[in-house]
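**Student:** Sharing a sequence plus its predicted fold:
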Amino acid sequence: MAATASGRQAWRQLVRTSCRGPATTTPSTYSRLAFRRLASSTTQASPRRAATQSSSPSPSSFLRQQPLAQRSSYSSGSQGKSTPPRNSNNQVKFWPFLIIIACGSGGYMLLVNRRIEMPPTTTKPPSPAFSPTDVTVLFVLGGPGAGKGTQCARLVRDYHFTHLSAGDLLRAEQDRPGSQYGQLIRDCIKDGAIVPMEVTVALLENAMRETITTSKNKKFLIDGFPRKMDQALKFEEVVCPAKLVLFYDCPEAEMEKRLLERGKTSGRADDNADSIRKRFRTFVETSMPVVDHYESEDRVVKVDATSTPDGVYADTQTKLKKVLGDKF
Ligand SMILES: Nc1ncnc2c1ncn2[C@@H]1O[C@H](COP(=O)(O)OP(=O)(O)O)[C@@H](O)[C@H]1O
Ligand SMILES: O=c1ccn([C@@H]2O[C@H](COP(=O)(O)OP(=O)(O)O)[C@@H](O)[C@H]2O)c(=O)[nH]1
(Lines give C-alpha, C1' and ligand atoms only; values in the text may rest on other atoms or scores of the structure.)
(Ligands and ions follow the chains in the order given, each with its own letter.)
Protein backbone atom coordinates (compact mmCIF):
# COMPACT_ATOMS: atom_id res chain seq x y z
CA MET A 1 0.00 0.00 0.00
CA ALA A 2 2.76 2.39 1.05
CA ALA A 3 4.64 1.60 -2.10
CA THR A 4 1.57 2.35 -4.24
CA ALA A 5 0.96 5.63 -2.39
CA SER A 6 4.51 6.79 -2.82
CA GLY A 7 4.38 5.74 -6.49
CA ARG A 8 1.27 7.88 -7.03
CA GLN A 9 2.94 10.75 -5.24
CA ALA A 10 6.08 10.44 -7.35
CA TRP A 11 3.92 10.44 -10.54
CA ARG A 12 2.02 13.56 -9.46
CA GLN A 13 5.26 15.32 -8.58
CA LEU A 14 6.67 14.39 -11.95
CA VAL A 15 3.61 15.83 -13.69
CA ARG A 16 3.79 18.98 -11.60
CA THR A 17 7.47 19.62 -12.06
CA SER A 18 7.53 18.83 -15.75
CA CYS A 19 4.63 21.21 -16.38
CA ARG A 20 5.45 24.03 -14.07
CA GLY A 21 9.02 24.39 -13.07
CA PRO A 22 12.52 23.11 -12.83
CA ALA A 23 12.84 19.59 -11.59
CA THR A 24 15.20 20.65 -8.79
CA THR A 25 12.58 22.82 -7.09
CA THR A 26 10.53 20.39 -5.06
CA PRO A 27 7.52 21.73 -3.17
CA SER A 28 9.31 21.72 0.15
CA THR A 29 12.48 23.42 -1.08
CA TYR A 30 10.35 25.95 -2.97
CA SER A 31 8.49 26.99 0.18
CA ARG A 32 11.71 27.03 2.20
CA LEU A 33 13.28 29.31 -0.35
CA ALA A 34 10.25 31.58 -0.39
CA PHE A 35 10.29 31.77 3.36
CA ARG A 36 14.01 32.58 3.52
CA ARG A 37 13.61 35.30 0.91
CA LEU A 38 10.76 36.82 2.82
CA ALA A 39 12.67 36.73 6.07
CA SER A 40 15.92 38.15 4.70
CA SER A 41 14.29 40.75 2.47
CA THR A 42 16.34 43.99 2.66
CA THR A 43 13.33 46.03 1.64
CA GLN A 44 11.58 44.74 4.73
CA ALA A 45 8.21 44.32 3.18
CA SER A 46 5.68 44.03 5.97
CA PRO A 47 3.89 40.70 6.33
CA ARG A 48 0.68 42.60 5.84
CA ARG A 49 1.93 43.95 2.49
CA ALA A 50 3.05 40.50 1.46
CA ALA A 51 -0.32 39.16 2.40
CA THR A 52 -2.07 41.90 0.43
CA GLN A 53 0.08 41.19 -2.60
CA SER A 54 -0.68 37.54 -2.54
CA SER A 55 -4.34 38.06 -1.88
CA SER A 56 -5.04 40.23 -4.91
CA PRO A 57 -3.09 38.79 -7.79
CA SER A 58 -3.50 39.73 -11.40
CA PRO A 59 -5.23 37.09 -13.56
CA SER A 60 -1.95 35.83 -14.93
CA SER A 61 -0.11 35.98 -11.62
CA PHE A 62 -3.05 34.19 -10.08
CA LEU A 63 -2.47 31.31 -12.43
CA ARG A 64 1.24 31.39 -11.67
CA GLN A 65 0.80 31.61 -7.91
CA GLN A 66 -1.78 28.94 -7.43
CA PRO A 67 0.65 26.03 -7.69
CA LEU A 68 2.98 27.76 -5.23
CA ALA A 69 0.18 27.98 -2.68
CA GLN A 70 -0.57 24.34 -3.20
CA ARG A 71 3.08 23.41 -2.84
CA SER A 72 3.33 25.41 0.41
CA SER A 73 0.28 23.77 1.86
CA TYR A 74 1.55 20.32 0.90
CA SER A 75 4.78 20.81 2.82
CA SER A 76 3.46 22.74 5.79
CA GLY A 77 0.76 20.18 6.43
CA SER A 78 2.99 17.40 7.71
CA GLN A 79 6.55 18.63 8.09
CA GLY A 80 8.14 17.34 4.92
CA LYS A 81 5.75 14.49 4.34
CA SER A 82 4.01 16.21 1.49
CA THR A 83 0.54 14.78 1.13
CA PRO A 84 -1.37 16.41 -1.69
CA PRO A 85 -5.01 17.24 -1.04
CA ARG A 86 -7.36 14.49 -2.04
CA ASN A 87 -9.38 16.69 -4.36
CA SER A 88 -6.33 17.66 -6.41
CA ASN A 89 -7.00 19.95 -9.36
CA ASN A 90 -4.14 18.48 -11.36
CA GLN A 91 -6.26 15.80 -12.98
CA VAL A 92 -9.28 18.02 -13.53
CA LYS A 93 -7.23 20.74 -15.28
CA PHE A 94 -6.72 18.59 -18.33
CA TRP A 95 -10.45 18.50 -19.05
CA PRO A 96 -10.88 22.05 -20.33
CA PHE A 97 -8.12 21.42 -22.85
CA LEU A 98 -9.68 18.17 -23.95
CA ILE A 99 -13.06 19.88 -24.33
CA ILE A 100 -11.53 22.75 -26.33
CA ILE A 101 -9.68 20.32 -28.62
CA ALA A 102 -12.83 18.23 -29.09
CA CYS A 103 -14.97 21.28 -29.89
CA GLY A 104 -12.34 22.68 -32.21
CA SER A 105 -11.97 19.43 -34.14
CA GLY A 106 -15.76 19.03 -34.36
CA GLY A 107 -16.19 22.58 -35.64
CA TYR A 108 -13.40 22.13 -38.15
CA MET A 109 -14.91 18.91 -39.51
CA LEU A 110 -18.29 20.65 -39.74
CA LEU A 111 -16.76 23.48 -41.75
CA VAL A 112 -14.86 21.10 -44.02
CA ASN A 113 -18.01 19.07 -44.70
CA ARG A 114 -20.08 22.17 -45.39
CA ARG A 115 -17.42 23.43 -47.77
CA ILE A 116 -17.45 20.16 -49.67
CA GLU A 117 -21.23 20.36 -49.95
CA MET A 118 -21.17 23.97 -51.18
CA PRO A 119 -21.41 24.40 -54.95
CA PRO A 120 -18.16 25.67 -56.53
CA THR A 121 -18.09 29.45 -56.92
CA THR A 122 -17.89 30.20 -60.60
CA THR A 123 -16.49 33.65 -61.33
CA LYS A 124 -17.42 34.52 -64.87
CA PRO A 125 -14.73 36.47 -66.68
CA PRO A 126 -15.86 40.05 -67.30
CA SER A 127 -17.23 40.57 -70.78
CA PRO A 128 -15.59 43.33 -72.84
CA ALA A 129 -17.15 46.79 -72.83
CA PHE A 130 -17.56 46.71 -76.62
CA SER A 131 -18.52 43.80 -78.78
CA PRO A 132 -16.14 43.02 -81.69
CA THR A 133 -19.17 42.48 -83.92
CA ASP A 134 -20.22 46.07 -83.27
CA VAL A 135 -16.84 47.81 -82.88
CA THR A 136 -13.76 47.31 -85.08
CA VAL A 137 -10.34 47.57 -83.46
CA LEU A 138 -7.06 47.30 -85.38
CA PHE A 139 -3.88 47.41 -83.31
CA VAL A 140 -1.06 49.24 -85.12
CA LEU A 141 2.38 48.11 -83.96
CA GLY A 142 6.00 48.64 -84.96
CA GLY A 143 9.19 49.94 -83.42
CA PRO A 144 9.60 53.60 -82.41
CA GLY A 145 9.78 55.63 -85.61
CA ALA A 146 8.62 52.80 -87.88
CA GLY A 147 5.95 55.11 -89.32
CA LYS A 148 2.81 54.00 -87.44
CA GLY A 149 1.42 57.51 -87.02
CA THR A 150 2.17 58.40 -90.64
CA GLN A 151 0.25 55.37 -91.94
CA CYS A 152 -2.63 55.84 -89.52
CA ALA A 153 -3.20 59.37 -90.84
CA ARG A 154 -3.69 57.97 -94.35
CA LEU A 155 -6.04 55.21 -93.18
CA VAL A 156 -8.14 57.77 -91.31
CA ARG A 157 -8.37 59.91 -94.42
CA ASP A 158 -9.43 57.05 -96.72
CA TYR A 159 -11.33 54.63 -94.51
CA HIS A 160 -12.88 56.79 -91.79
CA PHE A 161 -11.13 55.21 -88.87
CA THR A 162 -10.71 57.05 -85.60
CA HIS A 163 -7.02 57.17 -84.75
CA LEU A 164 -6.19 56.69 -81.07
CA SER A 165 -2.47 56.93 -80.33
CA ALA A 166 -1.66 55.48 -76.89
CA GLY A 167 1.43 57.72 -76.74
CA ASP A 168 -0.64 60.84 -77.52
CA LEU A 169 -3.25 59.92 -74.88
CA LEU A 170 -0.50 59.38 -72.30
CA ARG A 171 1.15 62.70 -73.14
CA ALA A 172 -2.22 64.47 -72.83
CA GLU A 173 -2.81 62.82 -69.44
CA GLN A 174 0.71 63.75 -68.35
CA ASP A 175 -0.03 67.42 -69.11
CA ARG A 176 -3.54 67.45 -67.68
CA PRO A 177 -3.57 69.70 -64.59
CA GLY A 178 -4.19 67.68 -61.46
CA SER A 179 -3.45 64.30 -63.00
CA GLN A 180 -2.15 61.89 -60.40
CA TYR A 181 -0.26 59.99 -63.11
CA GLY A 182 1.55 62.99 -64.63
CA GLN A 183 4.96 62.37 -63.08
CA LEU A 184 4.74 58.60 -63.54
CA ILE A 185 3.98 58.97 -67.25
CA ARG A 186 6.72 61.58 -67.69
CA ASP A 187 9.32 59.27 -66.11
CA CYS A 188 8.21 56.23 -68.13
CA ILE A 189 8.27 58.07 -71.45
CA LYS A 190 11.71 59.54 -70.84
CA ASP A 191 13.06 56.09 -69.95
CA GLY A 192 11.28 54.36 -72.79
CA ALA A 193 9.46 52.24 -70.22
CA ILE A 194 5.86 51.06 -70.38
CA VAL A 195 3.35 52.95 -68.27
CA PRO A 196 1.32 50.57 -66.04
CA MET A 197 -1.41 49.05 -68.17
CA GLU A 198 -4.31 50.19 -65.99
CA VAL A 199 -3.61 53.80 -66.92
CA THR A 200 -3.32 53.22 -70.67
CA VAL A 201 -6.23 50.80 -70.92
CA ALA A 202 -8.47 53.24 -69.04
CA LEU A 203 -7.42 56.16 -71.27
CA LEU A 204 -8.15 54.12 -74.39
CA GLU A 205 -11.50 52.87 -73.16
CA ASN A 206 -12.57 56.40 -72.23
CA ALA A 207 -11.50 57.75 -75.61
CA MET A 208 -13.38 54.98 -77.44
CA ARG A 209 -16.51 55.55 -75.41
CA GLU A 210 -16.38 59.28 -76.03
CA THR A 211 -15.87 58.79 -79.78
CA ILE A 212 -18.75 56.32 -80.05
CA THR A 213 -21.02 58.65 -78.09
CA THR A 214 -20.15 61.85 -79.92
CA SER A 215 -19.37 60.79 -83.49
CA LYS A 216 -20.95 57.32 -83.60
CA ASN A 217 -17.75 56.09 -85.28
CA LYS A 218 -16.99 52.54 -84.26
CA LYS A 219 -13.82 51.88 -86.27
CA PHE A 220 -10.60 52.37 -84.36
CA LEU A 221 -6.91 52.30 -85.14
CA ILE A 222 -5.16 51.84 -81.82
CA ASP A 223 -1.61 53.06 -82.50
CA GLY A 224 1.42 52.02 -80.44
CA PHE A 225 -0.60 49.65 -78.27
CA PRO A 226 -0.39 46.98 -76.89
CA ARG A 227 3.31 47.16 -76.15
CA LYS A 228 3.29 44.52 -73.45
CA MET A 229 1.48 41.19 -73.04
CA ASP A 230 -0.45 42.24 -69.95
CA GLN A 231 -1.88 45.23 -71.86
CA ALA A 232 -2.89 43.03 -74.76
CA LEU A 233 -4.69 40.51 -72.59
CA LYS A 234 -6.36 43.13 -70.41
CA PHE A 235 -7.58 45.27 -73.28
CA GLU A 236 -9.09 42.35 -75.16
CA GLU A 237 -10.66 41.05 -71.98
CA VAL A 238 -12.25 44.24 -70.70
CA VAL A 239 -12.46 46.67 -73.62
CA CYS A 240 -12.71 44.96 -76.99
CA PRO A 241 -11.06 42.06 -78.84
CA ALA A 242 -9.02 43.33 -81.81
CA LYS A 243 -9.78 42.24 -85.36
CA LEU A 244 -6.08 42.15 -86.31
CA VAL A 245 -2.64 43.62 -85.76
CA LEU A 246 -1.05 45.80 -88.41
CA PHE A 247 2.70 45.47 -87.90
CA TYR A 248 5.20 47.82 -89.50
CA ASP A 249 8.55 46.13 -89.82
CA CYS A 250 11.55 48.47 -89.90
CA PRO A 251 15.26 48.05 -89.09
CA GLU A 252 16.63 49.92 -86.06
CA ALA A 253 19.09 52.02 -88.07
CA GLU A 254 16.25 53.41 -90.21
CA MET A 255 14.04 54.06 -87.19
CA GLU A 256 16.87 55.84 -85.39
CA LYS A 257 17.48 58.10 -88.39
CA ARG A 258 13.77 58.98 -88.58
CA LEU A 259 13.45 59.63 -84.86
CA LEU A 260 16.49 61.90 -84.71
CA GLU A 261 15.06 63.82 -87.63
CA ARG A 262 11.65 64.02 -85.98
CA GLY A 263 13.33 65.13 -82.74
CA LYS A 264 14.42 68.37 -84.39
CA THR A 265 10.83 69.63 -84.37
CA SER A 266 8.67 67.25 -82.32
CA GLY A 267 9.52 68.73 -78.92
CA ARG A 268 9.18 65.21 -77.50
CA ALA A 269 11.21 64.40 -74.41
CA ASP A 270 12.06 60.94 -75.77
CA ASP A 271 13.26 61.80 -79.30
CA ASN A 272 16.91 61.94 -78.22
CA ALA A 273 19.74 59.43 -78.56
CA ASP A 274 19.61 58.25 -74.94
CA SER A 275 15.83 57.69 -74.81
CA ILE A 276 15.81 56.17 -78.32
CA ARG A 277 18.31 53.52 -77.20
CA LYS A 278 16.11 52.62 -74.21
CA ARG A 279 12.96 52.55 -76.35
CA PHE A 280 14.59 50.13 -78.78
CA ARG A 281 15.50 47.79 -75.94
CA THR A 282 11.95 47.89 -74.57
CA PHE A 283 10.60 47.23 -78.04
CA VAL A 284 12.78 44.12 -78.56
CA GLU A 285 12.35 42.72 -75.06
CA THR A 286 8.75 43.61 -74.26
CA SER A 287 6.82 44.57 -77.37
CA MET A 288 8.05 42.01 -79.90
CA PRO A 289 6.67 39.15 -77.76
CA VAL A 290 3.24 40.75 -78.22
CA VAL A 291 3.65 40.67 -82.01
CA ASP A 292 4.86 37.05 -81.76
CA HIS A 293 1.82 36.19 -79.67
CA TYR A 294 -0.60 37.55 -82.27
CA GLU A 295 1.45 35.99 -85.04
CA SER A 296 0.98 32.60 -83.39
CA GLU A 297 -2.77 33.27 -83.55
CA ASP A 298 -2.49 34.23 -87.23
CA ARG A 299 -3.81 37.73 -86.57
CA VAL A 300 -0.86 39.79 -87.86
CA VAL A 301 -0.71 41.74 -91.15
CA LYS A 302 2.98 42.49 -91.59
CA VAL A 303 4.09 45.39 -93.81
CA ASP A 304 7.63 46.34 -94.77
CA ALA A 305 8.07 49.95 -93.55
CA THR A 306 11.33 50.84 -95.27
CA SER A 307 10.05 52.37 -98.52
CA THR A 308 8.54 55.84 -98.92
CA PRO A 309 5.46 56.72 -96.90
CA ASP A 310 3.25 56.31 -99.99
CA GLY A 311 4.93 53.06 -100.93
CA VAL A 312 4.31 51.68 -97.44
CA TYR A 313 0.71 52.88 -97.60
CA ALA A 314 0.05 51.14 -100.92
CA ASP A 315 1.35 47.92 -99.45
CA THR A 316 -0.81 48.44 -96.35
CA GLN A 317 -3.97 48.84 -98.41
CA THR A 318 -3.28 45.76 -100.52
CA LYS A 319 -2.68 43.59 -97.49
CA LEU A 320 -5.63 44.87 -95.50
CA LYS A 321 -7.99 44.38 -98.42
CA LYS A 322 -6.87 40.79 -98.70
CA VAL A 323 -7.83 40.13 -95.10
CA LEU A 324 -10.77 42.47 -94.52
CA GLY A 325 -12.21 42.86 -98.01
CA ASP A 326 -12.26 45.96 -100.22
CA LYS A 327 -14.34 48.12 -97.87
CA PHE A 328 -12.58 47.55 -94.63
N1 LIG B 1 8.23 55.55 -94.84
C2 LIG B 1 8.89 56.56 -94.29
N3 LIG B 1 10.06 56.98 -94.84
C4 LIG B 1 10.72 58.00 -94.30
N5 LIG B 1 10.33 58.69 -93.23
C6 LIG B 1 9.18 58.32 -92.66
C7 LIG B 1 8.41 57.25 -93.16
N8 LIG B 1 7.33 57.11 -92.38
C9 LIG B 1 7.41 58.06 -91.45
N10 LIG B 1 8.51 58.79 -91.60
C11 LIG B 1 8.99 59.88 -90.74
O12 LIG B 1 9.62 59.24 -89.62
C13 LIG B 1 9.26 59.88 -88.43
C14 LIG B 1 8.55 58.86 -87.54
O15 LIG B 1 7.31 58.54 -88.11
P16 LIG B 1 6.03 58.29 -87.21
O17 LIG B 1 4.89 58.02 -88.13
O18 LIG B 1 5.88 59.40 -86.28
O19 LIG B 1 6.51 56.96 -86.47
P20 LIG B 1 5.92 56.23 -85.23
O21 LIG B 1 4.53 56.67 -85.05
O22 LIG B 1 6.01 54.79 -85.56
O23 LIG B 1 6.79 56.60 -84.10
C24 LIG B 1 8.39 61.04 -88.82
O25 LIG B 1 9.18 62.20 -88.82
C26 LIG B 1 7.88 60.72 -90.19
O27 LIG B 1 7.66 61.87 -90.98
O1 LIG C 1 0.85 51.61 -74.60
C2 LIG C 1 1.76 52.43 -74.44
C3 LIG C 1 2.17 53.31 -75.43
C4 LIG C 1 3.19 54.18 -75.17
N5 LIG C 1 3.78 54.21 -73.98
C6 LIG C 1 4.86 55.16 -73.68
O7 LIG C 1 4.84 56.22 -74.61
C8 LIG C 1 6.08 56.32 -75.26
C9 LIG C 1 5.90 56.89 -76.62
O10 LIG C 1 5.05 56.08 -77.40
P11 LIG C 1 4.58 56.52 -78.85
O12 LIG C 1 3.73 55.45 -79.39
O13 LIG C 1 3.99 57.88 -78.79
O14 LIG C 1 5.92 56.69 -79.66
P15 LIG C 1 6.81 55.72 -80.56
O16 LIG C 1 7.81 55.15 -79.61
O17 LIG C 1 6.00 54.67 -81.17
O18 LIG C 1 7.43 56.65 -81.53
C19 LIG C 1 6.65 54.93 -75.18
O20 LIG C 1 8.05 54.88 -75.35
C21 LIG C 1 6.22 54.52 -73.80
O22 LIG C 1 7.04 55.08 -72.83
C23 LIG C 1 3.37 53.35 -73.00
O24 LIG C 1 3.90 53.36 -71.90
N25 LIG C 1 2.37 52.50 -73.25
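**Tutor:** Right, received. Where do you want to start? Ligands and ions are numbered 1, 2, ... in the order given.
**Student:** which residues touch the spatially closest residue to residue 225 that is not a sequence neighbour?
**Tutor:** Using C-beta to C-beta, 6 or more residues apart in numbering and skipping residues adjacent in sequence, the residue nearest residue 225 is residue 166, 3.7 Å away. In this view, the C-beta of every residue, glycine as well, is placed from N, C-alpha and C. Going by C-beta atoms under 8 Å, 6 or more residues apart in numbering, residue 166 touches 200, 203, 204, 222, 223, 224, 225, 227.
**Student:** mind giving me CSV with those residues and columns for secondary structure, distance to ligand 2 and neighbour count?
**Tutor:** CSV is the format used below for the contacts of residue 166 (DSSP: H, G, I helix; E, B strand; the rest coil; distance: C-beta to the nearest ligand atom, whole Å; neighbours: other C-beta atoms under 10 Å):
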residue, secondary structure, distance to ligand 2, neighbour count
200, helix, 4, 27
203, helix, 9, 21
204, helix, 8, 23
222, strand, 9, 28
223, strand, 7, 24
224, coil, 3, 23
225, coil, 4, 27
227, coil, 5, 23
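**Student:** which secondary structure elements does the helix or strand where residue 301 lies contact?
**Tutor:** Assessed by DSSP states H and E, residue 301 sits inside strand 300-304. Other helices and strands packing on strand 300-304, by 3 or more C-beta pairs under 8 Å, 6 or more residues apart in numbering; DSSP states H and E, are strand 244-249, helix 309-324.
**Student:** can I assume residue 270 sits in a strand?
**Tutor:** No. If the criterion is DSSP: H, G, I helix; E, B strand; the rest coil, then residue 270 is coil and not within a strand.
**Student:** separation between it and residue 180?
**Tutor:** From residue 270 over to residue 180 the distance is 21 Å, taken as C-beta to C-beta, to the nearest Å.
**Student:** ok, the two, which is more surrounded?
**Tutor:** residue 270 (20 against 9; other C-beta atoms under 10 Å).
**Student:** can you count the residues close to residue 173?
**Tutor:** Neighbour number of residue 173 under other C-beta under 10 Å is 20.
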